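# Fold the following and give me the result.
(2 chains)
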Amino acid sequence: MISPVLSPQEIRLAELAAGRPDPILTRHERANRLVSRIKGAKPVIDVERALYFTQSMEKTVGQPLVLRWAKALYHVAANITVYVTEDQLLLGRVGQPGRHGILYPELDGDFLDLAVASLPGRSGSPADISPKDASLVLEKISPFWKGKTYHEALSQSLPEEVFNLTYADPAGLNSRFIVNETSSFRSSIQWVHDYEKVLKRGFKGVAEEAKERLNDLDPYDPRDQAEKKPFYDAVLIVIEAISLWARRNADLAEEKAQKESNPQRRSELLTMAAIARRVPYEPARTFREAIQAQWFTQLFSRLEQKTGTIVSNGRMDQYLYPFYAADLAQGLIDEEGALELLECLWVGLAEFADLYISPAGGAFNEGYAHWEAVTIGGQTPTGEDATNDLTHLFLRSKREFPLHYPDLAARIHSRSPQSFLWDVAETIKDGSGFPKLINDEEVVPLYVKKGATFAEALDYAVSGCAEARMPNRDTYTSGGAYVNFAAALEMTLRNGRLTKYPNVQLGPLTGDPRSFASFNELYEAYLTQHRNLLRAAFIQQWHVNKLRATRFAQPMGSALNDLCLKSGVDLHQELVPEGINLGYVEFIGYGTVVDSLAALKKVVYEDGRLTMDEVLLALEKNFVGYEAIQALLKAAPTYGNNDPYADLIAKDLDRVSVEFCQKYSKSLGIHNDIRYVPFTSHVPFGRVVAATPNGRVAWFPLSDGSSPSQGADREGPAAILLSNFHSKNQDLSARAARLLNIKFTPKCLEGDAGTQKLVEFIRAFGDLKLWHVQFNVINQDTLIKAQNEPEKYQNLIVRIAGYSAYFTDLSRDLQNDLIARSAHESF
Amino acid sequence: MGTKGLVFNVQGYSVHDGPGIRTIVFLKGCPLGCQWCSNPESQNPNEEVGFNPARCLGLAKCQMCLKGCPYGAIVADDKGADYPTIKRSLCQKCPDYACRKACPAGALVVYGDFLEPLEVIKRVEKDEVFFQRGGGGLTVSGGEPLNQPDFLLDLLSLAHKRRLKTALETSGFGSYEVLKAAARVVENILYDVKVISRAKHLAGTGQDNELILDNLKRLTADFPKLSILVRTPVVPGFNDTSKDAQELGQFLRALPNVTFEALPYHRFGEGKYGFLGRTYPLAGLTLDPKALEDFNRLTLAARNL
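I've put the predicted structure just below:
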């Protein structure tokens, strides 16, 4: 037997398991010390943000919402505990030392009592809370929000038939996992700020603009005075707030410096204090000031609202480069020094746990998942290649930093330089799957079609899992519906009902499937169920759009958006003049549905090897005793093999969905486009769907994103990409991200030749104009070992549905899902 | 429409058989009988039924194959195992192989389909986008492709006409005229040289190697600019001695235009012997990775270009 080729990550794990020192950590001592204090720790819930936010909101009832929000943030900034963390070079944190998460009672505070009791013991992503803080939540925070949360308002507003597809209980506390609303998991879907503005102009520059616009308001115009004036007032208050908070950090650092006996640390602390006295209010002058300004801004954004996946980092290699280049030229910094600062930032990201306190939110985001995407590469606003030295430094940092942060996203385009793609491929080979790739050749033209200028589209930043944002043109901020189309399939076979909920008529009566004379009749029935779920998703979205404007405001985020500042409108308002609202409706279970329809078409209607009756019986028995039927169904053509039989069904399902969105988005006034990005929702969605005609057993996870069903890809990775291409309707535009996971074993990518072939694979991905791909380079054996001996594999990083998490943080369900996906051996 | 050829697999995303990302077309039938062969289904020049018991659901759950074979060649195991026995002598090789269609689990397979060159090219061209950026293309492998000369030349000529990049993977055991004709229309040749010792070659492959070595010499003489990669599978106990490496190196010394690669013996093909009702001749054999390094080093030292 030849010895398996191990990825660098696996070699590292083997070294650790053998008790030898970590080969990478020894090269980065500060990061080593910082990381060792948080590794494997269970996060603690810090209640201060929720407490001070609530205290202020109690006192401002009746005032304009945006003003209340700004005042609440000022109250938080003035009172929240500030910290100086040992060894850290950056100031600012929003919770106590170690891993921590914070609460947003305005969003989902009706779950707080439940969460305080259940989070510490939750199997998915547990978090601790001290008894004192637990009683603060129960006595001082949650009572105020009873009856006032966004989640309650939404559940009350939905019409009955939509409510029934959304929630599983009359109070709306549990998701039905069919047309899942996600706007109450986060007050904003993923987002990215224009950090460059903070670095170049400082909040001072933004405040000056706000003051000018305030002065320009017509004193006699009621709208100017009642709507816009409070907005600009709020902007000025929130800028005061973040500046105050930065100064409080500076004060503490100075205080600590006085008491510090180590001269090197004292000097570090004094430098940190001096920087925090300047930024983010004043423009940054150095790389270090720029990083600190960016960090304060994103932290304050966390205090402001819960942004889905946590607010992203933007095009860091672009907006930091001028500072880096200037500092290098003046000898103020070297590559190692810059790397150390980046590592301090990554530790800050890693320390934060994105708490989803509702049970459904937790199921969607296993493993404390958050991905504050750092975008590198791509093109400049004028269409030149954008890579620079800093681009390569980010890739190096990715290879050498031991935790799964940051979430690195590389933009690629048709002229991406070989040096960049080679470095990208080497980093992917390192085993942790980063960076994920986003394709300019798909994103840019689509965004231009949706109304952006070329300059704006060329300057997009990756945001969250797989999405792209234009921070000064995008204005859409709500989480959309996640739709379980495998449930639509089961309803087609059970005349509008699901096995899981036998007593509820969830879908329309489409008839007894045994009466369908042809595949077309079956398919039409399916489409009726399919459109019914889309209909519910769009009605839900209509209510979401109306409601969020009455429940949320984000004065700081709005201050950083050109359009909001120009028009005096908060980002949470339904429409911002000149904005492009890019929203999404999520197609979950694509591969599962396509394969099931293909199997029925082939086995029942074409080959006649089974009757519908036999299939239904086998499904009802979950294939127990009907294994031959299961095998026959599984043997039918499947999506992911570049087989037109299945891929044309996939393409038609995409077309039907995209056309629906194209037609009805107009009524919503936003783009509500089809996207294939599940987070980990394909796991809880699978738990409500019985056995399906693709041979999938009951309650097993659905297929993930636009990837093939687990194990259904038999023709290798090139065929997966080709199926993805052939199932997309290039002529339509109401489409958004398609998440695609490809797993490689290291043997495929061995040596320089392997790197070169991965580069070619990436270029083919670019040529096919697919939106997104990410790789998982690992041996299946390693995953099984990690499952059986989690204590030895705490560091094992894997790729799941758009983000990385520790394998051992995941539930057994999800671990099994990963193991089941075909590994592409190539000998 | 061109001669039909017997093809047992078309494999996309192949990264170890020629430049770039390639699609390999495997032709069935080989005059050699290498003991270490990792594609035993490639050897027989006819269609063959294979049975993979690991995929079989078991006769308790499924008996579709028993009913499926019109000639009674598939029967319940007489020793009481839960899966069927194939009586290969009764198999009539019926045109559509009823057994393959009958088995729902993919446990019964038929190796080999007769395909026209254009059908094969159309299949290969589906992967074209993966060839463009790294000079990838079609690799014809086997079995021994020279064993189906008409089909091979039709296939390669058609590929050439459509400007696909092509590579030929061969043992060199075949007509030089065919090899020469193929060499005119391919960009790369991957040429297996197992061992220089005639006695060892005969013992390990069942054939003399004189033709193989002779063809290689003629090929390099006739096509001095053609890219030829000589590959040697290093098989423990067969060709892994220092003497073998030195002899090989000395042989290659006379062929300065070829490149060389030692390939590690592996046993990933072992299971397939069982599928064909055969026994793997080299069961239990493993290759020490160091032996491969040594072999490579000694060969290159003896070649001493």
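
# What is the neighbour count of residue 104?
Looking at chain A here, since you left the chain open. Neighbour count of residue A:104, defined by other C-beta atoms under 10 Å in any protein chain shown: 23. For every residue, glycine as well, the C-beta is placed using N, CA and C.

# Chain B is the one I meant
24.

# Could you check how far it is from residue A:691?
16 Å (C-beta to C-beta, to the nearest Å).

# go on, residue A:116?
Note on residue A:116: its distance to residue A:691, by C-beta to C-beta, is 38 Å.

# again with residue A:434
Counting by C-beta to C-beta - residue A:434 and residue A:691 are separated by 36 Å.

# And for residue A:612?
Applying C-beta to C-beta to residue A:612 and residue A:691 gives a distance of 15 Å.

# what mean pLDDT would you report for stretch A:147-158?
Confidence for stretch A:147-158, expressed as mean pLDDT, is 94.

# Check stretch A:709-717 too.
The average pLDDT within stretch A:709-717 is 84.

# again, but for stretch A:602-618
With pLDDT averaged residue by residue, stretch A:602-618 scores 97.

# Check stretch A:546-559 too.
96.

# And stretch B:286-304, by the same measure?
pLDDT averaged over stretch B:286-304 gives 92.

# quick check, it touching chain A?
Yes - applying C-beta under 8 Å from any C-beta of the partner chain, one finds stretch B:286-304 in contact with chain A at B:286-287, B:289.

# per-residue confidence averaged over whichever strand or helix holds residue A:235?
Secondary structure assigned from DSSP states H and E places residue A:235 in helix A:229-259. Mean pLDDT, helix A:229-259: 98.

# which residue ranges form the helices in chain B?
With helices called from DSSP state H, chain B shows them at B:64-68, B:98-102, B:117-125, B:149-161, B:176-183, B:198-205, B:210-222, B:242-253, B:270-275, B:289-303.

# Kindly report the same for the stretch 551-700 of chain A.
Taking DSSP state H, counting those that start in this stretch as the test, the helices found in the stretch 551-700 of chain A are A:555-559, A:562-567, A:590-599, A:612-620, A:627-634, A:644-668, A:682-686.

# do the same with the stretch 1-150 of chain A
Taking DSSP H, counting those that start in this stretch as the test, the helices found in the stretch 1-150 of chain A are A:8-17, A:29-36, A:48-59, A:65-79, A:105-108, A:112-118, A:131-136, A:142-145, A:150-157.

# Against which helices or strands is the last one packed?
In other words, helix A:150-157. Judged by 3 or more C-beta pairs under 8 Å, 6 or more residues apart in numbering or on different chains; DSSP states H and E, helix A:150-157 is in contact with helix A:105-108, helix A:519-551.

# Just the endpoints, please. Distance across stretch A:123-134?
Taking C-alpha to C-alpha, to the nearest Å, the first and last residues of stretch A:123-134 lie 19 Å apart.

# How about stretch A:547-566?
End to end - C-alpha to C-alpha - stretch A:547-566 spans 24 Å.

# Same check on stretch A:725-733?
First residue to last in stretch A:725-733 (C-alpha to C-alpha) measures 15 Å.

# returning to that earlier point: would you point to the one among the helices and strands packed on helix A:150-157 that's packed deepest?
helix A:105-108 (a mean of 25; mean count of other C-beta atoms under 10 Å in any protein chain shown).

# List of residues touching it?
Contacts made with helix A:105-108 from outside it, assessed by C-beta atoms under 8 Å, 6 or more residues apart in numbering or on different chains, are listed as A:50, A:53-54, A:57, A:112, A:141-142, A:144-145, A:148-151, A:184-187, A:305-306, A:357-358, A:361, A:551-552.

# mind listing what the residue located most distally from the centre of chain B touches?
Distance from the centre of chain B peaks at residue B:60, with 36.1 Å (C-alpha atoms, centre = their mean). Residue B:60 is in contact with residue B:82, counting by C-beta under 8 Å, 6+ apart.

# Read off the pLDDT value for it.
You'll see residue B:60 listed with a pLDDT of 92.

# Also residue A:100?
Note on residue A:100: pLDDT of 94.

# contacting residues around it?
A:43-46, A:93-94, A:351-353.

# do that again at 10 Å, thanks
Residues in contact with residue A:100 (C-beta atoms under 10 Å, 6 or more residues apart in numbering or on different chains) are A:38, A:41, A:43-46, A:93-94, A:127-128, A:351-353, A:355.

# could you dump the residues you listed to CSV with distance to residue B:131, neighbour count and pLDDT?
As requested, the contacts of residue A:100 are exported to CSV (distance: C-beta to C-beta, whole Å; neighbours: other C-beta atoms under 10 Å in any protein chain shown; pLDDT from 0 to 100):
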residue, distance to residue B:131, neighbour count, pLDDT
A:38, 47, 16, 87
A:41, 49, 13, 83
A:43, 48, 23, 90
A:44, 54, 20, 93
A:45, 54, 25, 94
A:46, 55, 24, 96
A:93, 51, 23, 96
A:94, 51, 23, 97
A:127, 50, 20, 84
A:128, 55, 15, 89
A:351, 46, 26, 94
A:352, 45, 23, 93
A:353, 46, 24, 90
A:355, 48, 23, 86
